[in-house]
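Participant: Please find the sequence and the predicted model below.
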Amino acid sequence: MFASFCRRRLLLHIRKISGGGTNPLQSIPGAIHHAHCYSSTTVSSVPNPELCPATISYLISCGLSPAAAATTGQRLRICSTDKADAARALLRDYGFTDADIVRTLRIAASILIVDPERILRPKLDFLASLGLEPRKIASAPFLLERSLDKRLVPSMQFLRGIIGSDDGLRLGFSRAPRALMADVDKNMRPVVETLRRCGLTDAAISKLLVINMGMLMASPDRIREVFDELKEIGMCISDSRFLYCFRAMCNLKRGTWRRKLELFQSFGVSEGEVLQAFKTQPTIVLFADESMKRKVRFLLDELKLGMTDIMLHPVILGYSLDKCILPRCAVLTVLMREGKIQRDIKLLQALLGGSKIFSTRYVLRHADDVPDVVKAYEASTTTANKIVWRHHRSTIRHILTDRMEDMAPFEAKELLIGGHDIPGEENRDDIDDYIGLLQYEGQKAKDKGRLD
């Protein structure tokens, strides 16, 4: 609704001034010529070596810490609080929360010294027309300091020519707003040409940019390095998993790949097993080392799973320990204690799956006769999860130990092998989730009258 409203507002604004126009996402002759209709003056400010007490005081009243206000105050001097107040009010009108405004001002405080209606509003309309919600804009506030006709509009038009659809364009921007910062000639065009020379088709490049538009900020040399690294581990461009592996590898710094391999090997698996897990679930290399260590140690020490079995089902490593695995363990513990599920349940398979699948299978089904199961599942904060797990820790350890001792070796192995992988939710604190992308691809398949 919000993006649709802003697109209509922007369209009316263009028509009022230019006497015509259309969807700002459409690549049309003269679009860049009329881009000044969006008010393209670049937001800027002159560094001030001497701090202005009034400016610092105002920034603190906006919610910035004294230290942040002092740092930000070096870059601008607020001469009119009326204009600054109007800019903040405009952000609120577009749905920015107080926290969003603080995040924005830390980076782009110069928006407080420009004409809100002439400069800021058109940019907000434009960004909203691309599907960028306030929280996304607040995560990349420097976009509000960029020229519309010299940077934002040309970038959008170039990418629309590559991606080919408004839905794909909006999804790509929503996942990586900073891609609009890339210069068409210095960044975007060289990246696209490098991808083509490395063997990707235009269709593959389009999909890759929707998956990870942020890669437009990468250097051509780095892109070639990633292609070589993937080739070394046996990934072919024709493999349907290639683009996802490429995305993950591009997000790693040089030299990090080898450290990630060594991290997983330190748990007792071979390099071949790690590579196969990476090809199945590329995101496992994007987590911080300590986060992954904590997750693996929990699966090994607390749930008594085998590392080989975990690597056969690496999707489990993409789940948040605090927001996904712990609540599910608490639910399963309650159900085991109440005798609602068998002790020989395939634990790994039970933990896998999207939240809707798990909730339907284990929470909603038993909510009436076992109220505790709902309480356990709703403990979604880190603190609550730790409390819930601490409460049930000895119980689930006892249950798991007992059932493992009672089973034959073959049965115990089957217990730990979780069956086929079911796509599940990603850890949104560490990496982007794929929900929007899957919906986008699913809709494209429906439009073609087939299912991929």
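Facilitator: All right, it came through fine. Numbers count the residues shown, from 1 in each chain.

Participant: Name the next helix or strand downstream of whichever strand or helix holds residue 295, please.
Facilitator: Mapping residue 295 onto the secondary structure by DSSP states H and E places it in helix 289-297. Downstream of helix 289-297, the next assigned helix or strand under DSSP H and E is helix 307-312.

Participant: gap between the two ends of stretch 315-333?
Facilitator: Across its full length, stretch 315-333 reaches 22 Å between end residues, using Cα to Cα, to the nearest Å.

Participant: what pLDDT, on average, does it get?
Facilitator: The predicted model assigns stretch 315-333 a mean pLDDT of 90.

Participant: Quick check: buried residues in that stretch?
Facilitator: By neighbour count, with 16 or more other Cβ atoms under 10 Å as the criterion, the buried positions of stretch 315-333 are 315-333. From N, CA and C alone the C-beta is placed, and that goes for glycine too.

Participant: ok, residues contacting stretch 97-105?
Facilitator: Counting by Cβ atoms under 8 Å, 6 or more residues apart in numbering, the neighbours of stretch 97-105 from elsewhere in the structure are 59, 62-64, 72, 88, 91-92, 96, 111-112, 134-135, 137-139, 141, 144.

Participant: and those, which of them are in helices?
Facilitator: Taking DSSP state H as the definition of helices, the contacts of stretch 97-105 contribute 59, 72, 88, 91, 92, 134, 135, 137, 138, 139.

Participant: out of the residues you listed, which are buried?
Facilitator: Of the members of those, the ones counted as buried by neighbours, 16+ other Cβ under 10 Å, are 59, 72, 88, 91, 134, 137, 138, 139.

Participant: Tell me which residues touch the third one, please.
Facilitator: By Cβ under 8 Å, 6+ apart, the contact set of residue 88 is 62, 101, 112.

Participant: again with the fifth one
Facilitator: Going by Cβ under 8 Å, 6+ apart, residue 134 touches 91, 94, 95, 96, 97, 100.

Participant: and the residue lying closest to the second one once chain neighbours are set aside, how many neighbours does it have?
Facilitator: It stands for residue 94. Counting by Cβ to Cβ, 6 or more residues apart in numbering, the nearest residue to residue 94 once its immediate chain neighbours are dropped is residue 124, at 5.1 Å. Residues contacting residue 124 under the criterion other Cβ atoms under 10 Å number 25.

Participant: If I look at residue 124, what pLDDT would I see?
Facilitator: Residue-level confidence at residue 124 comes out at 94, pLDDT.

Participant: do the same with the one 3 residues further on
Facilitator: The predicted local confidence for residue 127 comes out at a pLDDT of 91.

Participant: Thought residue 146 was touching it, still the case?
Facilitator: No. The pair formed by residue 127 and residue 146 falls short of the contact definition of Cβ atoms under 8 Å, at 10.3 Å.

Participant: Overlap in contacts, those two.
Facilitator: Contact criterion Cβ under 8 Å, 6+ apart; residues shared by residue 127 and residue 146: residue 152.

Participant: who's more crowded, those two?
Facilitator: The neighbour count for residue 127 versus residue 146, taken as other Cβ under 10 Å, is higher for residue 127 (27 against 17).

Participant: in this protein, which ranges drop under the pLDDT threshold?
Facilitator: Where the chain drops to pLDDT under 70, the residues are 1-50, 379-452.

Participant: How is it divided into domains?
Facilitator: Structural domains of the chain, as assigned by automatic domain parsing, span the residue ranges 2-145, 156-316, 318-416.

Participant: Of the contacts of residue 134, select the buried ones using a ChimeraX command.
Facilitator: The following ChimeraX selection, which keeps only the buried ones among these, applies the criterion 16+ other Cβ under 10 Å:
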select :91,94,96,100
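
Participant: Now for the contacts of residue 134: which two are most distant?
Facilitator: Spatial extent of these (Cβ to Cβ) is set by the pair 94 and 97 at 10.8 Å.

Participant: how near is residue 145 to residue 105?
Facilitator: Distance from residue 145 to residue 105, counting by Cβ to Cβ, to the nearest Å: 12 Å.

Participant: Between those two, tell me which one has more neighbours.
Facilitator: Just comparing residue 145 and residue 105: by other Cβ under 10 Å the higher neighbour count belongs to residue 105, 25 against 18.

Participant: and the more buried one, what helix or strand is that in?
Facilitator: Assigned by DSSP H and E, residue 105 belongs to helix 98-108.

Participant: how about the CA coordinates for that helix, as CSV?
Facilitator: Coordinates of each C-alpha in helix 98-108 appear next as CSV, following Å, rounded to 0.1, in the frame of the first residue of the first chain:
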residue,chain,number,x,y,z
ASP,A,98,11.9,7.5,15.8
ALA,A,99,14.6,4.7,15.6
ASP,A,100,14.6,4.9,11.8
ILE,A,101,15.1,8.7,12.0
VAL,A,102,18.0,8.4,14.4
ARG,A,103,19.7,5.8,12.1
THR,A,104,19.1,8.1,9.1
LEU,A,105,20.5,11.2,10.8
ARG,A,106,23.7,9.4,12.0
ILE,A,107,24.7,9.0,8.4
ALA,A,108,22.7,11.6,6.4
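
Participant: what comes up buried for it?
Facilitator: Counting neighbours by 16+ other Cβ under 10 Å, the buried set in helix 98-108 is 100, 101, 102, 103, 104, 105, 106, 107, 108.

Participant: Adding distance to residue 260 as columns, could you present these in CSV?
Facilitator: Formatted as CSV, the entries for the buried residues of helix 98-108 read as follows, by distance: Cβ to Cβ, whole Å:
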residue, distance to residue 260
100, 34
101, 37
102, 34
103, 30
104, 34
105, 36
106, 32
107, 30
108, 34
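
Participant: Many thanks, have a good one.
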